[in-house]
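Enquirer: Model the following, please.
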Amino acid sequence: MTGDKVLRKKDLEILAPVGGKNHLRAAVENGADAIYLGGRSFNARIKADNFSDEELLWALDYAHMRNVKVYAALNTLIMDDELMTAYEYAKFLYEAGVDALILQDVGFAQLVRRGMPDLHLHLSTQGSIYNSSGVRMAEELGFERVVLARELALKDIEEIARECRADIEVFVHGALCICYSGQCQMSRLSGGRSGNRGLCAQPCRLGYNGHYPLSPKDLCTIDSLGDLVEAGVKSFKIEGRMKTPEYVAVVTAIYRKYLDRYLKDGHYKVDPEDRWALNQVFNRGGFTEGYLFQNPGSKLITEELPKHQGVYLGKVKQKLKNNLVDIIVDSGGKLRLGDGIEIRSDKLPGNVVTYIEDRGAGNFRIGDIKGAVSPGDKVFKISDKELNRTARSTYEPLTDGMEKYRKKVPVKMIFTAKEGEKIILTVSEIQDRADSFEQVPVTVTVESDVRVEKALKRTIQQEEIFKQLSKTGAVPYEVHELEIHLDDGIAMPLSVINALRRKAVEELTHHKIDQSRRQSAPLHDAAAKQWMEEVLIASIHEPRKANHRSGVNYIPLYDYMMSVQNNGRMPGEDQTARTRPYIYNISKGRLDHFIRENFEKIVEACKETGISIGNPGWIKEFIHAGVRVYGDYGLNIVNRLSEAVFEALGVQEPLWSLEIIEDRSGGDIPLMITEHIIPEKILVCRNGKEYPVIRTSLGDKCIICSGYAPIRKF
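Expert: Got it, this is the predicted structure:
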């Protein structure tokens, strides 16, 4: 790997989603090495429960006590008038002790980097990074980790990890977007809710042309963790901040189990019970490995229903009075009181099973099922009461209000008792992942209030001391090493030992929490704010760059080069409009290959025209080759800081994001770009709105358009 990057297996992390307090407990107690969460604003899952400032401090304490990292998502695009508010919130997170910020907006990222240079920055998957060129640009912008686009194949991930210094994070489980993340305008322009602003209305889950051609199945890579480890992935990310805590518990525990098995044995086989649990807790008509090994084509899509479909159970035999239904359960299927079912008829009737009668040979009579059903209708179990109960038992507080702790930090204790002296207990943290967690292991030493006396009758035994010091059930620590140094013939009350243990553990906890906090404001705070003010003031009288340039005839790069090659001249030479080739916002696949194979020819052909680029990838390569690079709308510039960042990199006349378009009458707008090849030429929504679907020049992607008169040929 370049940059002397060495990825050690102990550095690998399971990264779990956290939408609220129970999600946090579920993630941490089921083996997450790190969690990601959001506050009440500026995060891409603004409809999740999320955390108030006070709750976020609690979350940091809970996680850091157990050596679990916390990444805060501020991964929306941020407008000029929001920059100061967002920066002050980032400063709060910095001082609170978050381990990294997950960002999308490059201008805001530069502001944070200037003010808090010691805070780790991760580039969100909303940044649309899918090749080595894009990752290197992210590195130059100050990002230490890149969350890659979910459309990448294993070989692409391996190439990026090998060629780049930044840590690589990939999604391994959960919901997929049909559009490249960060490039979707469909929710905003069809429903007024922007995915880039945390309010995606999920138009991809709606029906079109009588089915659901834009609704992918959920991702599941449980069989391929070893491949991803060997490809150089550091962080294995689970999606699901808006799913249930039970989902977080089940999925985190299973991925923890098999990553550990692979790291220990070099291989594993997934148990059928675990595969069933993943399906039962959430699936959309089965799972997909996405594009990890090949383009799955139609197998990517769940055509029938865009929601959780549960596990197939059996079929309806007959509907009876009083909302009772007779069903026959397939061999191996289980149904209990309290399970949730759904019947696949027109209205999808279903309910929690409140009555059940086992009539033998797989026949059951159940209730209370309202709605019309017919013999032969399929029955699916949507929720399993026992699975959910078991999941909750891993993280819910005990009945007396005390927390339970499965995730424990290993400690070493040294107990010393000398006659006539105070008892001394030293507790040291054993951090087997200390290099990864980046905190100094904590050591505390406490002493008793009383002095050790000579025994008059009975001497204290080492076994008794060992038993008392090992009682850490009510705290998140576990004694892995214990040294006991005693004078002969001494006595002490067990209560003194217990009190000393409690005092040491309490001090250890306080030290760990204090260590994770940053006690002062960022040293470069004033300089960062000054830079922001200078950029904003300088641009007051400058018009924002229009979202299309009049007098420019845009042509896809491949078409442009074919015209040069076949006709000996540039397309549009005989027209009054200037001709400018452009690279799609997403060039992954055939276009990237074409650019790599023909880079020198492209440079020569574009010396006069320049080239328009809408992604961080390829910008520096063309600038270094002497080609003028114009910024296209896919860079998602919505504030003056982002504009200034790209201009400083050498990008000329950067266009602003489609996010700022309010008037839709100016021409056709690309709403989605997808790796999935959509067979329909036009998608018709239930309200009758039509969306044209076109192929990119090389045919390996589709673009869904708004349906107005085109302003450029895609």
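
Enquirer: hang on, Arg136 packs against Lys620?
Expert: Yes: Arg136 lies in contact with Lys620 (Cβ atoms under 8 Å); the separation is 7.1 Å. Where you see a C-beta, it was placed from the backbone N, CA and C, and this is true even at glycine.

Enquirer: Comparing those two, which residue is more hemmed in?
Expert: Set side by side, Arg136 and Lys620 show more neighbours around Arg136, with 23 against 17, by other Cβ atoms under 10 Å.

Enquirer: Would you agree that one falls within a strand?
Expert: No: judged by DSSP: H, G, I helix; E, B strand; the rest coil, Arg136 forms no part of a strand; its state is helix.

Enquirer: Please determine how far Glu396 is located from Asp61.
Expert: 19 Å (Cβ to Cβ, to the nearest Å).

Enquirer: typo on my end, it should be Tyr582
Expert: Counting by Cβ to Cβ, the gap from Tyr582 to Asp61 is 49 Å.

Enquirer: who has more neighbours, these two?
Expert: For Tyr582 versus Asp61, neighbours defined as other Cβ under 10 Å are more numerous around Tyr582 (21 against 18).

Enquirer: For the nearest residue to that one once chain neighbours are set aside, give me the backbone phi and psi.
Expert: Closest residue to Tyr582 apart from its sequence neighbours, by Cβ to Cβ, 6 or more residues apart in numbering: Ser612 at 3.8 Å. Per-residue torsions, Ser612: phi -100, psi 130 (degrees, to the nearest 10).

Enquirer: now Ser612: how far from Ser697?
Expert: On the measure of Cβ to Cβ, Ser612 and Ser697 end up 14 Å apart.

Enquirer: Same question for Asn498.
Expert: Remark: distance between Asn498 and Ser697 (Cβ to Cβ) = 74 Å.

Enquirer: Toward the C-terminus, what is the element adjacent to the helix or strand of the chain with the lowest mean pLDDT?
Expert: One helix or strand of the chain scores below all others by mean pLDDT, DSSP states H and E: helix 434-437, with a mean of 49. Next helix or strand after helix 434-437 toward the C-terminus (DSSP states H and E): strand 443-451.

Enquirer: Direction included, what does the helix or strand following that next one pair against?
Expert: Following strand 443-451 in sequence order, the next helix or strand is strand 453-454 (DSSP H and E). Paired with strand 453-454 in the same sheet, following DSSP bridges, are strand 490-491 (antiparallel).

Enquirer: Need the contact partners of the partner strand.
Expert: Residues outside strand 490-491 that contact it (Cβ atoms under 8 Å, 6 or more residues apart in numbering) are Ala417, Glu419, Val452, Glu453, Lys454, Ala455, Leu456, Lys457, Arg458, Thr459, Ile460.

Enquirer: Of all pairs in these, which one spans the longest distance?
Expert: Ala417 and Lys457 (17.4 Å; Cβ to Cβ).

Enquirer: more neighbours, the two?
Expert: Between Ala417 and Lys457, Ala417 has the larger neighbour count (other Cβ under 10 Å), namely 23 against 5.

Enquirer: What separation do you get for the more buried one and Asp487?
Expert: Ala417 is 7 Å from Asp487, by Cβ to Cβ.

Enquirer: can you check Ala528 too?
Expert: The value you get for Ala528 to Asp487, if Cβ to Cβ is used, is 59 Å.

Enquirer: More neighbours: these two, which one.
Expert: Each of Ala528 and Asp487 has its neighbours counted (other Cβ under 10 Å); Ala528 has more, 21 against 14.

Enquirer: Is that one in contact with Gly107, as I believe?
Expert: No: with contact defined as Cβ under 8 Å, Ala528 does not count as touching Gly107 (11.9 Å).

Enquirer: Quickly list what's touching both of Ala417 and Asp487.
Expert: Joint contacts of Ala417 and Asp487 (Cβ under 8 Å, 6+ apart) are Val452.

Enquirer: give the contact list for Asp330.
Expert: Tyr312, Leu313, Gly314, Gly362.

Enquirer: State whether Leu671 is indeed within a helix.
Expert: No: assigned with three-state DSSP, Leu671 falls outside any helix and is strand.

Enquirer: Identify the residues contacting the closest residue to it other than its chain neighbours.
Expert: Nearest non-adjacent residue to Leu671, counting by Cβ to Cβ, 6+ apart: Met186, 4.1 Å away. Residues in contact with Met186 (Cβ under 8 Å, 6+ apart) are Cys179, Pro203, Cys204, Leu671, Met672, Ile704.

Enquirer: Pull out the C-alpha coordinates of stretch 107-114 and format them as CSV.
Expert: Only the C-alpha atoms of stretch 107-114 are listed here, as CSV (Å, rounded to 0.1, in the frame of the first residue of the first chain):
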residue,chain,number,x,y,z
GLY,A,107,-16.3,23.7,2.3
PHE,A,108,-17.5,23.0,5.8
ALA,A,109,-14.9,20.2,6.1
GLN,A,110,-12.2,22.8,5.3
LEU,A,111,-13.6,25.1,7.9
VAL,A,112,-13.5,22.4,10.6
ARG,A,113,-10.0,21.3,9.5
ARG,A,114,-8.7,24.8,9.9
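
Enquirer: now the contacts of Met186 as TSV including pLDDT, distance to Glu158 and neighbour count?
Expert: As requested, these are exported to TSV (pLDDT from 0 to 100; distance: Cβ to Cβ, whole Å; neighbours: other Cβ atoms under 10 Å):
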residue	pLDDT	distance to Glu158	neighbour count
Cys179	97	25	28
Pro203	94	34	24
Cys204	94	29	25
Leu671	94	32	23
Met672	96	27	24
Ile704	96	30	27
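
Enquirer: TSV please, covering those and showing distance to Phe287.
Expert: Formatted as TSV, those follow (distance: Cβ to Cβ, whole Å):
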residue	distance to Phe287
Cys179	20
Pro203	23
Cys204	17
Leu671	27
Met672	22
Ile704	25
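
Enquirer: Could I get the full set of strands for the stretch 251-400 of the chain?
Expert: Per DSSP state E, counting those that start in this stretch, the stretch 251-400 of the chain carries strands over the ranges 287-288, 311-319, 325-329, 340-343, 350-352, 355-360, 363-367, 378-383.

Enquirer: what does the strand or helix carrying Ile423 contact?
Expert: Assigned by DSSP H and E, Ile423 falls within strand 422-429. Residues outside strand 422-429 that contact it (Cβ under 8 Å, 6+ apart) are 409-417, 441-452, 469, 477, 492, 496-497, 500-501, 504-505, 508, 512.

Enquirer: Narrow those to those that are buried.
Expert: 409, 411-417, 441-442, 444, 446-448, 452, 469, 477, 492, 496-497, 500-501, 504-505, 508, 512 (16 or more other Cβ atoms under 10 Å).

Enquirer: and the chain, what are its domains?
Expert: As assigned by automatic domain parsing, the chain contains the domains 2-176+216-300, 311-385, 409-516, 552-705.

Enquirer: The third one: end-to-end distance?
Expert: Looking back up the chat, that one is domain 409-516. Start to finish, the residues bounding domain 409-516 are 15 Å apart (Cα to Cα, to the nearest Å).
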